[in-house]
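1. fold the following, please.
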Amino acid sequence: MKKIYLTLAILGAIVPYLFFFQFIRAEGLNLPLFIESLFVNGAAGGFSTDLLFTSFVFWLFMFLQARESNGPKPYLFIFLNLTIGLSCALPAYLYARETT
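-> Residues are numbered from 1 along each chain as shown. This is a model prediction of the structure:
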């Protein structure tokens, strides 16, 4: 499973940025517009809210796992979650758990 998690983490880093780069090319580094676009309609807002909620639950899970066992420290994966996304952070965390 380690190789699968590593592959998914790499893909989870690349695929979202293909879309982010399209936005940046069209709009520049306009963070307020980017955030506004996340909630432009009900479908986008629901998807964005689901992802934000799931990210928060992932953070709680990582902190609880770090407290209960010798699992990986959550800070790197929170950074990945905030800068790349959950699609990279979650498989990277699972990969790190397999290697510990």
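2. break down the chain into its helices, ranges please.
-> For the chain, the helices defined by DSSP state H occupy 2-27, 31-38, 42-68, 75-83, 86-99.
3. format those helices as CSV; extra columns: mean neighbour count.
-> The C-beta positions use only the backbone N, C-alpha and C, and glycine is treated the same way. Shown next, in CSV, are those (neighbours: other C-beta atoms under 10 Å):
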stretch, mean neighbour count
helix 2-27, 13
helix 31-38, 11
helix 42-68, 13
helix 75-83, 16
helix 86-99, 20
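4. in CSV, list these along with mean pLDDT.
-> Below are the helices of the chain laid out as CSV (pLDDT from 0 to 100):
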stretch, mean pLDDT
helix 2-27, 95
helix 31-38, 94
helix 42-68, 95
helix 75-83, 96
helix 86-99, 96
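5. for residue 93, which non-adjacent residue is spatially closest?
-> Distance criterion C-beta to C-beta, 6 or more residues apart in numbering; nearest residue to residue 93, sequence neighbours excluded, is residue 77 at 4.6 Å.
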